[in-house]
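Asker: Predicted model and sequence below, questions to follow.
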Amino acid sequence: AQRVTQPEKLLSVFKGAPVELKCNYSYSGSPELFWYVQYSRQRLQLLLRHISRESIKGFTADLNKGETSFHLKKPFAQEEDSAMYYCALGVDSWGKLQFGAGTQVVVTP
Amino acid sequence: SQTIHQWPATLVQPVGSPLSLECTVEGTSNPNLYWYRQAAGRGLQLLFYSVGIGQISSEVPQNLSASRPQDRQFILSSKKLLLSDSGFYLCAWRKTSVSYEQYFGPGTRLTVT
């Protein structure tokens, strides 16, 4: 069965420190993975998609099929990075996404 | 450009009362539509999805139902609300035949009292 695991409910980091949000998945097919972010009082929005191999707002995420992971990283956290982050896996031809439980990131000055 | 709307933004309803939440999408046609419930610490739970008018698939048996009377309108309903229906409800759309990317509405905060 498909599963997305985000082991950390809360990550508290200092401004300027590196931040890494862990995401592990379980899927028998070829995975399509995403990171979504929800800032305070804003709607849930797409941050990264693994197929694009892009860097958005300084964040990167690499798909590691051997470790079935898709961790999100940023070398220097900023206060505006404080938000809820969700890892998501595309699971079928109907476009359904399986979301992880989310990680709340708090960046303190 | 495409936009997605939800209303109401917040709703307080007594137990046993009916519910109707509406979601509409603009700027696209024949989107796939999804209803989620977001709960703290539990991520997003997919409730219903629709690939076309009148086509509804339920993911989780519960007190809720969904309908799609028009191409870009998706409605979440209940005949009699339960306390456990309280939560934050999100609607999302996806372009058919393109990636899994979904775009979310602003959500409705439902409190059942």
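Answerer: Alright, I've got the coordinates. What you see is a predicted model; the values in this text were computed from it and never measured.
Asker: and the longest strand for chain B?
Answerer: Longest strand of chain B, by residue count under DSSP state E: strand B:43-52.
Asker: buried ones in that strand?
Answerer: B:G43, B:L44, B:Q45, B:L46, B:L47, B:F48, B:Y49, B:S50, B:V51 (16 or more other C-beta atoms under 10 Å in any protein chain shown). The C-beta positions use only the backbone N, C-alpha and C, and glycine is treated the same way.
Asker: and it, anywhere near chain A?
Answerer: Yes: using C-beta under 8 Å from any C-beta of the partner chain, we find that strand B:43-52 touches chain A at B:G43, B:L44, B:L46, B:Y49, B:V51.
Asker: Near chain B, which residues of chain A are found?
Answerer: Listed as neighbours of chain B in chain A under the rule C-beta under 8 Å from any C-beta: A:4, A:6, A:9, A:32, A:34, A:43-46, A:49, A:51, A:86, A:88, A:90, A:94-97, A:99-102.
Asker: and these, which are buried?
Answerer: Using 16+ other C-beta under 10 Å as the burial test, the residues of chain A next to chain B include A:4, A:6, A:32, A:34, A:44, A:49, A:86, A:88, A:90, A:95-97, A:99-102 as buried.
Asker: Which of these fall in strands?
Answerer: Among those, DSSP E puts A:V4, A:E32, A:F34, A:R49, A:Y86, A:A88, A:G90, A:L97, A:F99 in strands.
Asker: Show me which of those is closest to chain B.
Answerer: A:G90 (3.2 Å; C-beta to the nearest C-beta).
Asker: who's in contact with that closest one?
Answerer: A:G90 makes contact with A:P31, A:E32, A:L33, A:F34, A:K96, A:L97, B:S99, B:Y100, according to C-beta atoms under 8 Å, 6 or more residues apart in numbering or on different chains.
Asker: Tell me how many other residues surround the closest residue to it other than its chain neighbours.
Answerer: If the residues on either side of it in the chain are set aside, A:G90 comes closest to B:Y100, at 3.2 Å by C-beta to C-beta, 6 or more residues apart in numbering or on different chains. The burial metric for B:Y100, expressed as a neighbour count using other C-beta atoms under 10 Å in any protein chain shown, is 21.
Asker: Thanks again, I'm all set now.
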